[in-house]
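Peer 1: Provided below for reference: sequence and predicted model.
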Amino acid sequence: MSANVRVLRPQEQTRFARLGDWLVDLASNRLLRGDRELRPTPKAMAVLRQLMLANGAPQTRAELLDTVWRDAYPTDDVLTHAITELRRAIEEDPKLPRHIETIPKVGYRLLTPVEWLEQLPSPAGEAAAEAAGVEAPRAAEPPRRPMAMLIVSGAIVVLLALLAVFGRAPPPSPLDLRNPVFAVNNLPQRPVTAEPDSETFPNISPDGTSVAYSARYPGDEGMHIYLRGLSGSPPIRLSRSDAGEETYPVWSPDGTQIAFVRLQGEQCRIVVVAALGGREREAAACEPFFIDYFDWSRDGRSLLISRRRADADGKTPMDGPKTLHRLALEDGQVTPLEYLRDPNQPDIQPRVSPDGRRIAFRRGAVPYSDLYVMASEGGAPRQLTRLRARIRGYDWLTDNRHILLSSDHGGTQGLYLLDTESGELANLGIAGGSYPAASRGRALAVFQQDSADVNLQSFRFDAAVDAAGEGIASSTRSESWPAFAPNDDRLVFVSNRGGDSQLWLSEPGARTSYQITHHKNVELSAPNWSPDGRRVVYVARGGGQSRLFSVEVDSGQTRQESDAGDNVRYGTYAADGRSLFYISDRDGAWHIWQRDLAKRSSRRLSDATAYSLSDGVGNGKLYFANMGEGGLYALDLASGKQERVSGAVQFWNMNAWRADPTGLYYLQSGENMKPQLFRQDWDGSAPRLLRTVEWAVAEGGLTLDRLASRAVLPVVARDDTDVILLDLGELVQ
């Protein structure tokens with residue numbers, strides 16, 4: 001054993017262990033042996049963890065199912081599949097297991113002794129111990145020291161590798177996590193804004209004295225950029241232009257300029273203005289209806305943006321996902337960064353480290369993305385997280401090593417602290433926090449404390465275009481993802497009115513709704529009814545995995561429909577009810593699959609990458625929002641041919657459309673950025689405006705009744721989102 005590895009007693013929070021000739025990294029779902037690295041599914045690793053903690057004692061199937069699948073109603077098959085996966089990974093011969101023993105009619109137990117470790121041994125330490133033919137001496141347990149010292153000792157192991165990639169490793173972190181679970185909770189925080197309005201996308205100045213944010217205050221025609229001193233001064237509007245909506249302000253490294261996004265109709269511009277106000281200049285065009293995340297370069301001469309690569313003429317965008325580019329502010333020239341890209345996934349939201357040596361970015365399609373990092377010159381990126389989460393903003397801390405990020409991988413959105421070297425993630429205990437931004441000169445950060453109520457409203461198409469909607473199942477919490485039953489007698493939707501994200505059911509004329517699912521620590525989305533109206537299929541996301549479930553509405557019994565390890569983003573029943581169409585990345589990209597419900601087997605239908613889909617037209621075609629090309633496509637289920645049928649469905653409204661025999665219904669941003677609901681007939685005629693739905697939430701879905709006479713959508717009823725100041729002095733010196 002390496003001399004710098006300390007053996008630990010098994011604890012629930014212990015991360016590393018040795019199991020025979022395998023090294024186990026439980027937090028990262030890794031199994032290591034020599035140069036070999038395996039990554040079993042999270043549930044398989046959770047089963048292995050329970051067997052390891054039992055220290056050789058038998059674990060019954062009921063105990064494992066209750067512990068590992070406690071947030072669902074699983075069948076025995078899921079546990080059998082997890083054990084099979086583990087045996088395929090660590091057994092020399094899975095048919096003759098020597099690590100995991102099956103105890104007939106009882107369960108399983110681990111035959112191999114477990115050696116708990118404080119950290120993984122270094123390759124050099126392992127080689128020295130093997131060459132000597134004896135176990136390397138153990139280090140005496142030191143007195144309790146700040147966790148920063150432990151992180152530094154662990155960083156030494158990977159120092160040479162970091163030098164090879166980045167030229168010189170960042171300095172040791174001053175992070176002090178004396179209790180890795182709870183010490184980071186209760187960090188000092190106070191509100192920067194408290195008006196009865198919504199303030200979003202805060203960004204703190206490099207000197208930590210002022211905050212820029214987006215808000216719509218009384219008298220404003222739209223959202224505008226405001227500045228506010230942390231000493232309690234009143235807000236000052238940065239731009240005097242009334243054109244369009246302004247959002248996403250970002251300070252330059254020297255604090256003299258602010259860049260922001262201005263949206264006006266179908267036009268989008270990145271605008272740069274002096275931090276004290278004054279003459280503006282447009283830096284570049286951007287994608288409309290979409291927050292074009294960007295960041296400044298360390299020298300302040302360019303912006304890092306995300307764009308599709310151009311062809312030989314340097315102007316025409318090529319097919320494929322977005323990648324990182326550099327926009328020179330002096331001449332407007334856009335140059336792609338040369339680095340190892342993924343042909344199936346977009347790279348967005350770059351963030352430059354304070355020293356300018358590294359660039360972090362998000363890779364993956366919303367809402368399932370992860371963080372990567374690479375040298376500012378490009379090269380091979382390194383994956384930092386394996387969360388598969390909705391990451392709503394992140395930023396580097398002043399030590400150039402830690403990142404403050406907002407993630408929902410635990411089931412709800414919250415703030416976390418990420419160590420970019422060890423991969424450790426600490427929960428800061430701040431629920432609802434998003435879009436954090438850290439000061440470059442002080443141990444301060446700001447974030448957006450989300451506080452909005454979203455209710456369902458019904459909009460009849462025979463009413464006036466601008467008539468108000470009618471409330472459905474309203475509460476003081478948030479509702480989204482409505483779905484009418486096939487005969488319109490019931491409406492299912494997602495709500496957190498009970499504290500957790502669950503499916504609820506509303507019946508016409510009833511004054512109350514009732515809960516039909518009982519998951520824990522997951523976020524539910526995209527419910528769709530079976531043709532017979534007996535079951536609802538939906539996506540449950542949490543713990544870094546998204547799974548497809550169905551629930552029998554009358555009994556409340558749920559079952560998992562996707563395979564173990566299968567990540568799903570959307571699912572719907574086929575028109576005949578015999579199969580499910582769903583979108584999964586089981587082969588590396590978000591492709592469309594069909595699952596036979598009787599045979600419990602799946603097959604891939606298309607090479608196209610997709611967001612959402614529908615089999616609601618009844619013409620033998622499956623309609624889907626194309627993630628790679630943009631637009632709505634139709635896939636002929638008999639021939640496999642696909643064609644583009646509309647350009648109206650894009651990234652910003654990928655969940656806000658419905659394909660019906662009468663036509664395509666979709667939400668679009670109209671005059672003054674107000675959402676509008678359109679219908680486009682399948683004959684290709686011009687779209688027709690049905691209703692203006694101010695404050696509609698496009699990412700929360702929409703549903704039509706059987707006759708396509710009305711739509712139900714989630715609409716913001718109240719939004720008191722505020723900007724909060726977070727003092728990081730206890731973490732960063």
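Peer 2: In hand now; what should we look at?
Peer 1: Give me the below-cutoff pLDDT ranges for the stretch 501-650 of the chain.
Peer 2: For the stretch 501-650 of the chain, the stretches with pLDDT under 70 are 509-511.
Peer 1: Next: the chain.
Peer 2: Applying pLDDT under 70 to the chain flags the ranges 1-14, 70-77, 122-185, 289, 311-319, 366, 509-511, 671-673, 733.
Peer 1: so who does I305 touch?
Peer 2: Counting by C-beta atoms under 8 Å, 6 or more residues apart in numbering, I305 makes contact with I270, A284, C286, D292, F294, L324, H325, R326, L327, V334, P350. Using the backbone N, CA and C atoms, a C-beta is placed for each residue, glycine as well.
Peer 1: L48: which element?
Peer 2: helix 42-53 (DSSP states H and E).
Peer 1: For the helix or strand that that helix is followed by, which strands pair with it and how are they oriented?
Peer 2: Per DSSP H and E, the first helix or strand lying C-terminal to helix 42-53 is strand 59-60. Its sheet considered, strand 59-60 pairs with strand 107-110 (antiparallel) by DSSP bridges.
Peer 1: Need the contact partners of the longest helix belonging to the chain.
Peer 2: Counting residues, the longest helix found in the chain (DSSP state H) is helix 76-90. Outside helix 76-90, the residues that touch it by C-beta under 8 Å, 6+ apart are 19-20, 22, 31, 38, 40-41, 43-44, 47-48, 61, 64-65, 68-69, 94, 97, 99-100, 102, 108, 560, 563-565.
Peer 1: Between the two ends of stretch 282-292, how far is it?
Peer 2: One end of stretch 282-292 sits 14 Å from the other (C-alpha to C-alpha, to the nearest Å).
Peer 1: Any chance of TSV for the contacts of I305, columns distance to A243?
Peer 2: Output for the contacts of I305, formatted as TSV (distance: C-beta to C-beta, whole Å):
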residue	distance to A243
I270	14
A284	17
C286	15
D292	17
F294	20
L324	29
H325	26
R326	27
L327	22
V334	24
P350	27
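Peer 1: burial measure for the closest residue to D419 other than its chain neighbours, as a count.
Peer 2: Leaving aside its chain neighbours, D419 sits nearest to H402 (5.9 Å; criterion: C-beta to C-beta, 6 or more residues apart in numbering). When counting by other C-beta atoms under 10 Å, one arrives at 25 neighbours for H402.
Peer 1: Just the ones of the contacts of I305 in strands?
Peer 2: Of these, the ones assigned to strands by DSSP state E are I270, A284, L324, H325, R326, L327, V334, P350.
Peer 1: what's the closest non-adjacent residue to the last one?
Peer 2: Read that as P350. L304 (4.1 Å).
Peer 1: For my notes, confirm the one you found occurs in a strand.
Peer 2: Yes - judged by DSSP: H, G, I helix; E, B strand; the rest coil, L304 forms part of a strand.
Peer 1: The chain - how does it break down into domains?
Peer 2: 7-135, 189-313+320-450, 453-717 (automatic domain parsing).
Peer 1: Output stretch 352-369 in CSV with nothing but the alpha carbons.
Peer 2: C-alpha atoms of stretch 352-369 as CSV (Å, rounded to 0.1, in the frame of the first residue of the first chain):
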residue,chain,number,x,y,z
VAL,A,352,-12.3,31.7,-17.8
SER,A,353,-10.3,31.1,-14.6
PRO,A,354,-9.2,34.3,-12.8
ASP,A,355,-5.5,33.7,-13.8
GLY,A,356,-6.6,33.2,-17.4
ARG,A,357,-4.9,29.8,-17.8
ARG,A,358,-8.0,27.6,-18.0
ILE,A,359,-11.5,27.6,-19.5
ALA,A,360,-14.4,25.7,-18.0
PHE,A,361,-17.5,25.0,-20.0
ARG,A,362,-20.7,23.0,-20.0
ARG,A,363,-21.0,20.0,-22.3
GLY,A,364,-24.3,18.4,-23.1
ALA,A,365,-27.8,19.3,-24.0
VAL,A,366,-30.2,20.9,-21.5
PRO,A,367,-31.1,19.7,-19.0
TYR,A,368,-28.4,17.1,-18.8
SER,A,369,-25.0,18.6,-18.9
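Peer 1: Next, the buried residues of that stretch.
Peer 2: Of all the residues in stretch 352-369, those buried under the rule 16 or more other C-beta atoms under 10 Å are 352-355, 357-369.
Peer 1: again, but for stretch 679-694
Peer 2: Neighbour counts over stretch 679-694 (16+ other C-beta under 10 Å) mark R679, Q680, W682, P687, L690, R691, T692, V693, E694 as buried.
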